[in-house]
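Student: any chance you can model this:
(chains A and B)
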Amino acid sequence: MNEMTKIETTLKDWETDQEVRWCPGCGDYAILKAVQRTLPQLGCDPKNTVFISGIGCSSRFPYYMETYGFHTIHGRAPAVATGAKLANPELDIWLVTGDGDGLSIGGNHMLHVLRRNVNMQIMLFNNEIYGLTKGQFSPTSREGTRSPSTPIGSVDRPANPASFALGAGARFVGRGFDVSKNLPDVLKAAHAHQGAAFIEIFQNCIVYNKDVFNDFAAPKGAGDRQLWLEHGKPMLFGDPKTGLDKGIALDREGLSLKVVEATEDNWEEAGVLVHDATSRVISNMLIEMPFGPFPMALGVIYDDPRPSYSESVAQERAKATEGKQANLAKLLGSGQTWTVEADEGHPTD
Amino acid sequence: MREEVPIHRCIFQQDKRLLFGAREGTYMATQAADLGSANEPSAQPDAVVVRFAGDSGDGMQLTGGQFTLSTALAGNDLATFPDFPAEIRAPQGTLFGVSAFQINFGSREISTAGDAPDVLVAMNPAALKVNLPSLKTGGLIIADTGEFTKRNLDKAKYDVSPLEDDSLAKYKVLAFDISALTIEAVKEYGLGNKDALRSKNMWTLGLALWMFDRPREPIHQWLKQKFKSKPDIANANIAALDAGHAYGETAEISGPLSQINVAPTKTEAGLYRTITGAESISLGLVAGAQLADLPMFFGGYPITPASAILHHLVRLKEYDVTTFQAEDEIAAICAAIGASWAGSLGITSSSGPGIALKGEAMGLAIMTELPLVIVNSQRGGPSTGLPTKTEQSDLYQAIYGRNGDAPMPVISASSPADAFECAIEAVRIAVQYMTPVMLLTDGYIANAAEPWKVPDPATFEPFPVTFLEEKNDGDTLLPYRRDEKGARPWIKPGTPELMHRIGGIEKHEETGNIDYSPENHQAMTDARKAKIDGVANSIPDQGCCLGEPGAKLALVGWGSTFGPIHRAVSQARERGLDVAHVHFRHIWPMPKNTGDLLKSFDKVLVPEMNTGQFKTVLRDQFLVDAQPLNKTDGLPFYIHELEAAIEEALS
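Tutor: Numbering: from 1, shown residues only, chains lettered A, B, ... in the order given. Predicted structure coming up:
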């Protein structure tokens, strides 16, 4: 995001007159509402806000946002967005992509938009399936996923989007899921971050991969399966009704994380880690925690800004053009030149 | 110091007769020829073709480039043809490592780099072997005997040194140890042999400057500038250059060389410079963006021979130019599209394989109706093909190479200088018609240099862009409502009250909302086609650049074949043949009178460096009996090939 004057809007101001055409029950509806609720809270200005998407179910998103929107081609939204941002750094860009669009056909662009640190919010809706093309396994599908193209189960090892982002050099990695009440907080943190902010949003594909995230996203027992991270707060989790009773600690011998019994009163003695969102090492461990023995790490996992691409490009431009004036006539006549005189046709230098 | 230059060995050979001078002295022959003759006054031909050939590490492109500048400064019209291997630094002395630079210059108008060289400078046996077949019979070979060692002869697959058998009898040969002479010339600078030999190209250039009576001073200046921080290297190169020049004078006294004076060309008065196609396209794009009153965004990815455009533009940031070296060809065009959407002039550039990758994104620009210029510096294909050789085989790709009915204007540059105007024209069409435009050049145009009369920007007609600032239908915004040209409004994100969505999905013909309905897709397909067809209303009628409509024969060309066609037709006309030359800049759509013009000729012959692509387009569009004349050997047409075709067609 950019420094901006806050604009008063309501959720309605961000809705278009277009009929939303996702399948009934699709997780995308919840994400759309979360975004439309968040933007007024951030004071965003619709005229400077743009949504850019690739191809896939998620990529219909711009049509439903009353902003400038560009529904591009499969996988290429990061490249289009990079050009738009360089052409007009004032634009507040939200990129909408999916696991197929962003990590398969567009994996290359995702790598580069992250390493260049182009200032934008990248929402990757991960439903672990190709929905729009009717259910083939995707690069994030778990091994053994049965689909029209893998009738006896997929053999590909899945990619971990947040891990990919961190490895590509992202300076902000967040996670949330479609119906989570905390999603707006992650979006706000991403928006506050100067640079490329990568948000993996687990999204339920009701038709082709129904409830695949229920193991951690189902409301029942969620407290034991979700670790919501907050910078400066101890990594505690558990059922809030009965009290948080577990924490994440560092196994210093094996250099890995472990789950320990701890409460809000004794977490320090129990060795529970305090979340430091600027620690790339711990962030990586949190992202890579195997679900089951560990809860799912959610929220702002990593947030350590460095100068964004448009700032660096502007600085480079200032350096390159220092003391130079545009003068087309002079430019055309530069290099080694000679003059032919009018009458004799004989050159002199 | 020139008195001290020893002449180790000279061979001057003609009609199988060799006259040997003293051992370690001069080998010479007398003969009557237009070049290099010993006992004649200096010759004054109206044009001369010189080819510098050596190992790719010998600096032949640099030698050729500097010789070109001094030739331009001497007032000759000229054309050049750099011909270098695809390998960055091929193994020394090998046949595939040969790099050559050909220049044709004269007192008359020069339209090609020349068919056959009059003079071949061969820095090693491989350079001689590769380039000999094109040398004119009776032409002069200047060879460095210092490189004609057993090892180098083996690498060039010579059993016997060609300097020592009869194989060069058809030519004049001036062979001496340039390597040793260079080492001698630079020895006071204390360089090792390896470094000293690096100045061989300057020694050779010095000799060439002497042969054609060119001033050394500009090259001295250039060397001082180039090696500003290494004065020893600068001085060694200058010494080598001077020694080569002095050698010419000394050798003339002793017989084997003579100076050749090529009088300056009669040209229009004004300021001139030499320009390559890559430079001229870059300048034309900058001029075009300024005329459109737009910042420029250039997205590129390294590829031969298109990278030079990126290299030029990156140095012009003060002209509101942003350059972006993308992660791949697709990202390069997509970023340019994003920039155009945001209100800049998006430009991307590549060569065939990269253009293929950009295809889908071109469709997006067509569908979203955003301005974009795509420069294709064509090279030999398919696939990786011949990266450093020229071809015109991407014409179908340019006109048709996208999914769906995806019409897009195509224009083509016919010479390095012409590329400047073509670039401006591409920008004009892109912004006035809200469309991507492809500008075709080729490897030959990109690398070749020619003199260019520097235009005065005040004479250019501006075409400033107006962005839509308010709703265009009462209280409603219709992002796809068209103007009289069929173009939709350009709306920058950031404009209050005009928020809207665009994309690659078929959209309603006015609102731009998704609309798959049959009647809408028909209407939008028709509208996209009509808009591009309508570009023809903004371009001049096609004329003949030589001859008249109704001629017995027309040679119809496009792109870099301009030079050879023009020369061949001109020569045929001098012989009284009724032949015309028609050369197209606008390939798609073509000028409105094209059908009538083509039908006025008895015969139409289309020379192309492909298998007949433009010929097929002409047949398809106008039902004319256009006949092909094709070649795909990676080299430009020779004038004699075209002359023969003209003779045959008219016989």
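
Student: and the residue of the stretch 151-300 of chain A nearest chain B?
Tutor: Relative to chain B, the nearest point of the stretch 151-300 of chain A is A:A168 (11.4 Å; C-beta to the nearest C-beta). Heads up, the C-betas are built off the backbone N, CA and C, glycines and all.

Student: tell me which element the residue nearest to that residue when sequence neighbours are not counted is part of?
Tutor: Leaving aside its sequence neighbours, A:A168 sits nearest to A:L114 (C-beta to C-beta, 6 or more residues apart in numbering or on different chains; 4.1 Å). For A:L114, the host element (DSSP states H and E) is helix A:107-116.

Student: list the contacts of that helix.
Tutor: Contact with helix A:107-116 is made by A:75-79, A:81-82, A:95, A:97, A:102-103, A:120, A:122, A:139, A:164-165, A:168-170, A:196, A:198, A:309, B:326-328, B:330-331, B:334, as judged by C-beta atoms under 8 Å, 6 or more residues apart in numbering or on different chains.

Student: related to what we said a few turns ago, so how far is A:D303 from the residue nearest to A:A168?
Tutor: 14 Å (C-beta to C-beta, to the nearest Å).

Student: over to A:F164?
Tutor: 17 Å.

Student: swap in B:E327?
Tutor: From B:E327 to A:D303 the distance is 25 Å (C-beta to C-beta).

Student: test my guess that A:M285 contacts A:K258.
Tutor: No - counting by C-beta atoms under 8 Å, A:M285 sits too far from A:K258 to count as a contact (10.5 Å).

Student: between those two, who's got more neighbours?
Tutor: For A:M285 versus A:K258, neighbours defined as other C-beta atoms under 10 Å in any protein chain shown are more numerous around A:M285 (18 against 14).

Student: so which strand or helix has that one?
Tutor: Assigned by DSSP H and E, A:M285 falls in helix A:280-288.

Student: run the chain-centre distance for the longest helix anywhere in chain A.
Tutor: Longest helix of chain A, by residue count under DSSP state H: helix A:27-42. Centre-to-centre, helix A:27-42 and its host chain are 15 Å apart (C-alpha atoms, centre = their mean, to the nearest Å).

Student: quick one: is it near chain B?
Tutor: No - against chain B, helix A:27-42 shows no contacts by C-beta under 8 Å from any C-beta of the partner chain, the least distance being 12.7 Å.

Student: now stretch A:315-333
Tutor: Yes - counting by C-beta under 8 Å from any C-beta, chain B has neighbours in stretch A:315-333: A:317, A:320-321, A:324-326, A:328-329, A:331-333.

Student: look at the spatially closest residue to B:P125 that is not a sequence neighbour and report its pLDDT.
Tutor: Nearest residue to B:P125, sequence neighbours excluded (C-beta to C-beta, 6+ apart): B:A156, at 3.7 Å. Per-residue confidence for B:A156 comes out at a pLDDT of 94.

Student: ok, A:G243 to A:F216 distance?
Tutor: For A:G243, the distance to A:F216 - C-beta to C-beta - is 20 Å.

Student: of those two, who's got more company?
Tutor: Comparing A:G243 with A:F216 by neighbour count (other C-beta under 10 Å), the higher total belongs to A:F216, at 18 against 12.

Student: how about B:R428: what's its closest non-neighbour residue?
Tutor: B:R428 sits nearest to B:F463 (C-beta to C-beta, 6+ apart), 5.3 Å away.

Student: list the contacts of that neighbour.
Tutor: Counting by C-beta under 8 Å, 6+ apart, B:F463 makes contact with B:291-292, B:428, B:431-432.

Student: so which of the residues you listed is the most crowded?
Tutor: Within the contacts of B:F463, B:V431 tops the neighbour count with 27 neighbours, counted by other C-beta under 10 Å.

Student: could you pull out the buried residues of the helix or strand containing it?
Tutor: Following DSSP H and E, the helix or strand that holds B:V431 is helix B:418-433. Using 16 or more other C-beta atoms under 10 Å in any protein chain shown as the test for burial, helix B:418-433 gives B:418-433.

Student: same question for stretch A:328-343.
Tutor: Residues of stretch A:328-343 classed as buried by neighbour count (16+ other C-beta under 10 Å): A:328, A:331-333, A:336-338, A:340.

Student: among the residues you listed, which lie within strands?
Tutor: Taking DSSP state E as the definition of strands, the buried residues of stretch A:328-343 contribute A:337-338, A:340.

Student: ok, so of these, who is nearest A:T150?
Tutor: A:T337 (66.7 Å; C-beta to C-beta).

Student: which stretches in the stretch 1-150 of chain B count as helices?
Tutor: B:60-73, B:125-131, B:150-155 (DSSP state H, counting those that start in this stretch).

Student: now do the second one: everything it contacts.
Tutor: It refers to helix B:125-131. Helix B:125-131 is contacted from outside by B:51, B:53-55, B:93-95, B:97-98, B:100, B:117, B:120, B:122, B:141, B:143, B:147-148, B:152-153, B:155-158, B:161-162, using C-beta under 8 Å, 6+ apart.

Student: picking that back up, sheet-wise, list the partners of the next helix-or-strand element following the longest helix of chain A with their directions.
Tutor: Note on helix A:27-42: by DSSP H and E, the next helix or strand toward the C-terminus is strand A:49-53. As defined by DSSP bridges, the strand partners of strand A:49-53 come to strand A:68-71 (parallel), strand A:92-98 (parallel).

Student: what does the residue nearest to B:R428 show for phi and psi?
Tutor: Per-residue torsions, B:F463: phi -140, psi 60 (degrees, to the nearest 10).

Student: in the chain, where is pLDDT below threshold?
Tutor: I went with chain A, as the question did not name one. Regions of chain A meeting the criterion pLDDT under 70 cover residues A:1-4, A:343-349.

Student: you answered for a different chain; I wanted chain B.
Tutor: In the predicted model of chain B, residues B:1-44, B:252-257 satisfy pLDDT under 70.

Student: and the stretch 401-550 of chain B, which residues reach chain A?
Tutor: Counting by C-beta under 8 Å from any C-beta, the positions of the stretch 401-550 of chain B adjacent to chain A are B:454-458, B:492-505, B:513-514.

Student: sorry, back to before: check the contacts of helix A:107-116 for burial and list the buried ones.
Tutor: By neighbour count, with 16+ other C-beta under 10 Å, these hold A:75-79, A:81-82, A:95, A:97, A:102-103, A:120, A:122, A:139, A:164-165, A:168, A:170, A:196, A:198, A:309, B:326-328, B:330-331, B:334 as buried.

Student: who are the packing partners of the longest helix seen in chain B?
Tutor: Across chain B, the longest stretch assigned as helix under DSSP H is helix B:231-254. Judged by 3 or more C-beta pairs under 8 Å, 6 or more residues apart in numbering or on different chains; DSSP states H and E, the packing partners of helix B:231-254 are helix B:178-186, helix B:193-197, helix B:200-211, helix B:217-226.

Student: so for chain A, which of those sits nearest?
Tutor: For the helices and strands packed on helix B:231-254, proximity to chain A was assessed by C-beta to the nearest C-beta; helix B:217-226 is nearest, at 6.8 Å.

Student: centroid-nearest residue for the chain?
Tutor: If you meant another chain, say so; for now it's chain A. Nearest to the mean C-alpha position of chain A, counting by C-alpha atoms, centre = their mean, stands A:F198 at 2.5 Å.

Student: my question was about chain B
Tutor: Centroid-nearest residue in chain B: B:I445, 1.7 Å away (criterion: C-alpha atoms, centre = their mean).
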